[in-house]
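Engineer: quick one, fold the following:
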Amino acid sequence: MERAACGLSSALRLSLLHGFLFVIAGSGTEAPLDATTLDISSRRFRSEFLQEWPPSADAPYFDAGTPTNITGLVGHPVRLLCRVKNLQNRTVSWVRHRDIHLLTVGRYTYTSDQRFEAQHKPRSEEWALRIRSPQRRDSGQYECQISTTPPIGHAVYLNIVEPETTISGGPELFIQTGSTINLTCVVRHTPEPPTSITWTHGEQVINFDSARGGISLVTEKGLRSTSRLLVQRARGADAGVYTCGPNNAPIAATRVHVLSGEHPAAMQQGCAKTSLDFTLLILSLLLLYLFRYTFNNSPQSS
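Structural biologist: Numbering: from 1, shown residues only. Coordinates of the predicted model:
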């Protein structure tokens, strides 16, 4: 072992000596080195003096089964994990890509942001980065790095989301008198399914036993909770703003228009036709003005 180390050291010293002689010999010439000579010199320097030794069989590596995409909720702790095999005397660090900020080194938290914490159990292959009370701005790519030469990394993408509520169909719904009002409310990204989802029409809560009748509600709870409201035989009094209010997510609202005559599509087509006619009128007047201006300023008219 000592002979191998000694031989390696001697070879390295000899290579460095050759490098210095090469530089000294090149500096004595008056003509500058062209790009081809520099490229050859660079390749020779890398091959002779900066030779990368092939990785050994006992080099550290990452467990490929570790998740690379993590979704967390605003305000709820999230944990990024990497597993390192055969670490030996190397160090594991976590780096945030957005600003190339070093967050942890080994078992120690390097950043001053107290929401970040290094987690590692002795003799364990797991090296974790825990974020207390994450915010939307914490979304992005993070990297678990091993202090090899050069360092190797395992990238993890973090997506921090907030609870959201939407009503399918958009902010407005147009229906004909006598048809069914069909509204579906979707609740996503809640820490747990909502215990209740309340529908209101204007200021009144919608119940099965309301005097209006013809109302049905179907609610399914899970990672993606839905609540479907059906109001049969719509009439003018059913128009207005409908809101969906989960107990653990923001509310969503939509305005329902109950039409007794023209279909909204026809209304939109009529509006578009009027706009087109007005545009053609303006263009015609503009062309007439240009024609008269050109005629009045022509040499013949003078």
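Engineer: how many residues are close by Ala249?
Structural biologist: 21 (other CB atoms under 10 Å). No exception for glycine: its C-beta is placed from N, CA and C like everyone else's.
Engineer: which residues touch it?
Structural biologist: Counting by CB atoms under 8 Å, 6 or more residues apart in numbering, Ala249 makes contact with Pro163, Glu164, Thr165, Val187, His189, Thr190, Pro194.
Engineer: please report the distance of the residue nearest to the fourth one when sequence neighbours are not counted from Val84.
Structural biologist: So that's Val187. Closest residue to Val187 apart from its sequence neighbours, by CB to CB, 6 or more residues apart in numbering: Ser225 at 4.3 Å. Counting by CB to CB, to the nearest Å, the separation of Ser225 from Val84 is 39 Å.
Engineer: ok, now Pro67?
Structural biologist: 15 Å.
Engineer: biggest strand in this protein by residues?
Structural biologist: Scanning the chain for the strand with the most residues, using DSSP state E, yields strand 152-161.
Engineer: who's in contact with that strand?
Structural biologist: Residues from elsewhere that reach strand 152-161 (CB under 8 Å, 6+ apart): 60-62, 66-74, 78, 80-82, 95, 97, 131, 134-136, 138-146, 188-189.
Engineer: which among these end up buried?
Structural biologist: 60, 62, 70, 72, 74, 78, 80-82, 95, 131, 134, 138, 142-146, 189 (16 or more other CB atoms under 10 Å).
Engineer: select from those residues every entry located in strands.
Structural biologist: 62, 70, 72, 78, 80-82, 95, 131, 142-146.
Engineer: closest to Gly213 among the residues you listed?
Structural biologist: Nearest to Gly213, judged by CB to CB, of those is Gly72 at 44.6 Å.
Engineer: related to what we said a few turns ago, which of the contacts of Ala249 are buried?
Structural biologist: Of the contacts of Ala249, these count as buried by 16+ other CB under 10 Å: Pro163, Thr165, Val187, His189, Thr190, Pro194.
Engineer: all helices of the protein, in order?
Structural biologist: For the chain, the helices defined by DSSP state H cover 2-27, 35-48, 264-296.
Engineer: can you pull out the low-pLDDT segments for the stretch 151-300 of the chain?
Structural biologist: 262-279, 281, 289, 291, 293, 295-300 (pLDDT under 70).
Engineer: what's around Pro122, how many residues?
Structural biologist: Number of residues near Pro122 (other CB under 10 Å) recorded here: 5.
Engineer: actually Thr109, not the one I wrote
Structural biologist: So Thr109, with other CB under 10 Å, has 19 neighbours.
Engineer: identify the farthest-apart pair in the buried ones among the contacts of Ala249.
Structural biologist: His189 and Pro194 (11.6 Å).
Engineer: residues contacting the nearest residue to Ser196 once chain neighbours are set aside?
Structural biologist: Counting by CB to CB, 6+ apart, Asn247 is the residue found nearest to Ser196 once chain neighbours are left out, at 4.9 Å. Residues near Asn247 by CB under 8 Å, 6+ apart: Pro194, Thr195, Ser196, Ile197, Thr198.
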